[in-house]
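Chemist: just need the structure, nothing else, for what follows:
(one chain, ligands or ions: 1)
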Amino acid sequence: MNRHVFLNGKLINREEAFLNIYDHGFLYGDGAFEGVRVYNRRIFRLEEHVARLYRSLKSLAIEKPMSPESFCDSVLETVAANQVESGYIRISVSRGVGLGLDPKHMKDAPPTIVISTEQLSLYPASMYQNGLEVITASTRVPPAVCIDPQIKSLGRYINNIAAKMEANRVGAGEALMLNMQGYVAEATGDNLFLVVDGKLKTPPTSQGALPGITRATVMDCANELGIPCEESVITLYDCYCAEEAFLSGTAAEVIPMVQLDGRTIGEGKPGVFTNRLIEEFHKRTETDGPVAW
Ligand SMILES: Cc1ncc(COP(=O)(O)O)c(C=O)c1O
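Modeler: The predicted structure is shown next:
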């Protein structure tokens, strides 16, 4: 049941949900988005997702369509209308309709808002059990002076798609992306964590990592479990020599990474820390976030 779509303030039938051909999101990738998960009718960390969306929109100087509280209500309403038990919510907001890239001509154009629900499983179950084989992509994360990777903008993802295609070409499950200085930023749609000397390490957002909601959840889990965790500049050497590694993201959840560029990480299977954190993460999905219906 994913029959209803929230489009510009109204819940309508999916078959009737059309966008203007001159929407700036479609023409120029001029907008921002969120991917959110529903677990047992509960929208995981909804407020945090909407807060990040609003930060993205602020950075892009896209007028906020409504208060964050009303936005959360619209997401809840969409999930309830579609009776989603567990699934994925896609939220997209563009600058609105206008031909020509200059936003000056769009002063009166309201932003376009779409909220839809889907079923999504990113990787096969075997990859969660055995771990992912990953490569390092030649495609880099852009520096903040070009497209700030902290903004979850529509347009930036052509880069991530290029990196994902590199992984596909060699049959790898994912690709790690470096920043322009050669430090590890993240994967194409996930953040990276390493276990080094029994401590958790993850690249800081200043190195090109998206401020992931799952990343923040993993950090909370680590805190709860008494596992030290720090943001740290990470090189490929650190990844190859780590005791354990895993990726985190809304779509992927938490997934072990057992090989990188042909090097086996740790013992080549999901490690003890990773498994404890995965277990704790799944517990949080049962409690964190409002119930939609
Ligand atoms: C580039 C990128 N990095 C990391 C993430 C993980 O972020 P989150 O845990 O908020 O889904 C995502 C997915 O949203 C992403 O697109």
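
Chemist: interface residues of the stretch 51-200 of the chain facing the ligand?
Modeler: Applying C-beta under 6 Å from any ligand atom, one finds that the stretch 51-200 of the chain approaches the ligand through Asn160, Glu186, Gly189, Asp190, Asn191. Heads up, the C-betas are built off the backbone N, CA and C, glycines and all.

Chemist: now for the third one: which residues touch it?
Modeler: The one in question is Gly189. Gly189 is in contact with Leu122, Asn160, Lys164, Gly249, Ala251, Ala252, counting by C-beta atoms under 8 Å, 6 or more residues apart in numbering.

Chemist: weed out the non-buried ones from these.
Modeler: The neighbour count (16 or more other C-beta atoms under 10 Å) marks Leu122, Asn160, Lys164, Gly249, Ala252 as buried among the contacts of Gly189.

Chemist: list the ones among the residues you listed that fall in helices.
Modeler: Taking DSSP state H, the ones among the buried ones among the contacts of Gly189 that sit in helices are Asn160, Lys164.

Chemist: shaky segments in this protein?
Modeler: Within the chain, no stretch has pLDDT under 70.

Chemist: thought Ala209 was touching Lys152?
Modeler: No - applying C-beta atoms under 8 Å, one finds Ala209 not in contact with Lys152, separated by 12.0 Å.

Chemist: could you say what helices and strands the helix or strand hosting Gln129 packs with?
Modeler: Per DSSP states H and E, Gln129 falls inside helix 125-130. Applying 3 or more C-beta pairs under 8 Å, 6 or more residues apart in numbering; DSSP states H and E, one finds that helix 125-130 contacts strand 253-260.

Chemist: show me how far stretch 224-238 is from its chain's centre.
Modeler: 19 Å (C-alpha atoms, centre = their mean, to the nearest Å).
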